[in-house]
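Colleague: A predicted structure for the sequence below; I have some questions about it.
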Amino acid sequence: MTRIDHVFVFPRDPAALQQRLDMEGLVPSFRRNHPGQGTANVCYCFENTYLELLRVEDATADRHPHVARTALIRRGSGDASVCPVGIAWRDAADGAMEVDTWDYEPPFLPAGASIAVATESDDPAVPFVFRSPGDRPPSEWTDGRAGALQRSAGLGRVERIILRHPPGYRPGPAIAELARRTMLSVETAPRWSLSLAITRLSGGPPVHLDDIC
């Protein structure tokens, strides 16, 4: 079965978004630099997925042909004409999602390792969609990266992810298929953003993290 592995965003105002997440009681789970790709992240793990906040560390990284094709540096530039959102899926052996992809070989991964990127993502004005190399949710990781998840904030699973998009955008095959198969839904809004609905460990209505952008 296809699942949302994680979502990412290049925040317009990283400090303000960080403050909002802090106020909700969220705790960063892990951080990572991406040498050669020119980005770095801070990630917040939930039981079944995680939120990745990306930033550009080296704008010259897009001189690498594969990095240039991802348009990640442009996506993190604050340019209003590009989409700052990414969505990664993971497949189970019994239900792989079949969409057109190309093999991205990130400079920070071992030689020969690659990530399947949906070809519709060649257009930087739409979300960056790709198949995660991971095959398990954070609650099943054994390397310690997930930490205590977000249990200290009383939060469990993400039960819904909403991709909000500007008028005129029509989901490509990968986004449309993810909206059909997974907890992802798509709505029109003035600008690109993500919203997460997260279950409370104590029960009751979910917590909504809106306008993540």
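Modeller: That came in fine, so what should we check first?
Colleague: where along this protein do the helices fall?
Modeller: Assigned by DSSP state H, the helices in the chain fall at 14-23, 65-70, 72-75, 173-181.
Colleague: Point out the most buried one among those.
Modeller: Highest mean neighbour count among the helices of the chain (mean count of other Cβ atoms under 10 Å): helix 72-75, with a mean of 24. Quick note: C-beta positions are derived from backbone N, CA and C, even for glycine.
Colleague: circling back: next, format the helices of the chain as TSV and append distance to Ala88.
Modeller: Shown next, in TSV, are the helices of the chain (distance: least, Cβ to Cβ, whole Å):
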stretch	distance to Ala88
helix 14-23	19
helix 65-70	13
helix 72-75	13
helix 173-181	10
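Colleague: Flag every buried residue along the lengthiest strand in the chain.
Modeller: In the chain, taking DSSP state E as the definition, the longest strand is strand 155-165. By neighbour count on 16 or more other Cβ atoms under 10 Å, the buried set for strand 155-165 is 155-158, 161-165.
Colleague: Helix 173-181 and that one, what's the angle between them?
Modeller: If you take axes from the mean of the first three to the mean of the last three Cα atoms, to 10 degrees, strand 155-165 sits at 130 degrees to helix 173-181.
Colleague: hey, where'd the strands end up in this structure?
Modeller: 3-9, 30-34, 39-45, 50-56, 85-90, 101-104, 115-118, 128-131, 155-165, 184-188, 193-200, 207-212.
Colleague: Alright, calling it a day.
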